[in-house]
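Peer 1: below are the sequence and a predicted model for it; my questions follow.
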Amino acid sequence: MIRSKRFEKGSAIDPLEGGWVAGHMIPERCLTGTSALEIKLWNYPEAINYGKKAFGGTEFVVIYGGKIRFWLGKDGQREFVDLDGEKHEYIAIAPGVIKEVEVLEFPAFGVTIRWPSAPGINQVISPPKEV
């Protein structure tokens, strides 16, 4: 990362950050260290096992390439939503919805913005398994 008094420049593919470029997980001394929101730049070049997770705030995801399927569940109901990167589709997910992600077309890449940002707000229901 390059830092000055006026800006910071980094890489969203830094494995130490896992694609997260803003949020509580970034040190507070950095411009993007904040509890207001989280931003992740993601890229799935192959199949993934995301596991089941529930975020305690609102989540916004936009896709720019590939295709992904979100399996969403809450209160005993479950449905899926497909996003197409060619159409730059997005989804906003309400707090507490259980989410699974399936990549339908590779590579899939986009941006996730979540708010607020706090340790423990992203609950892992079942951890990812190897694909």
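Peer 2: On my side now, so go ahead. Every value quoted in this text rests on a predicted model; they were computed, and no experiment measured them.

Peer 1: spatially central residue in the protein, please.
Peer 2: By Cα atoms, centre = their mean, the chain has its centre lying nearest to T112, at 4.2 Å.

Peer 1: measure the closest residue in space to G66 that isn't next to it in sequence to N43 for me?
Peer 2: What sits nearest to G66 in space, not counting adjacent residues and going by Cβ to Cβ, 6 or more residues apart in numbering, is A108, at 2.9 Å. (C-beta placed from N, C-alpha, C; glycine too.) The gap separating A108 from N43 is 8 Å, by Cβ to Cβ, to the nearest Å.

Peer 1: tell me which of the two has more neighbours.
Peer 2: Counted by other Cβ atoms under 10 Å, A108 and N43 do not tie: A108 has more neighbours, with 23 against 15.

Peer 1: surely the more buried one and R69 touch.
Peer 2: No - A108 lies out of contact with R69 (Cβ atoms under 8 Å); the separation is 10.1 Å.

Peer 1: ok, back up a step: the strand or helix carrying the residue nearest to G66 pairs with which strands?
Peer 2: Element membership for A108, per DSSP states H and E: strand 98-115. Neighbouring strands of strand 98-115 in its sheet, by DSSP bridges, are strand 38-44 (antiparallel), strand 52-55 (antiparallel), strand 58-74 (antiparallel).
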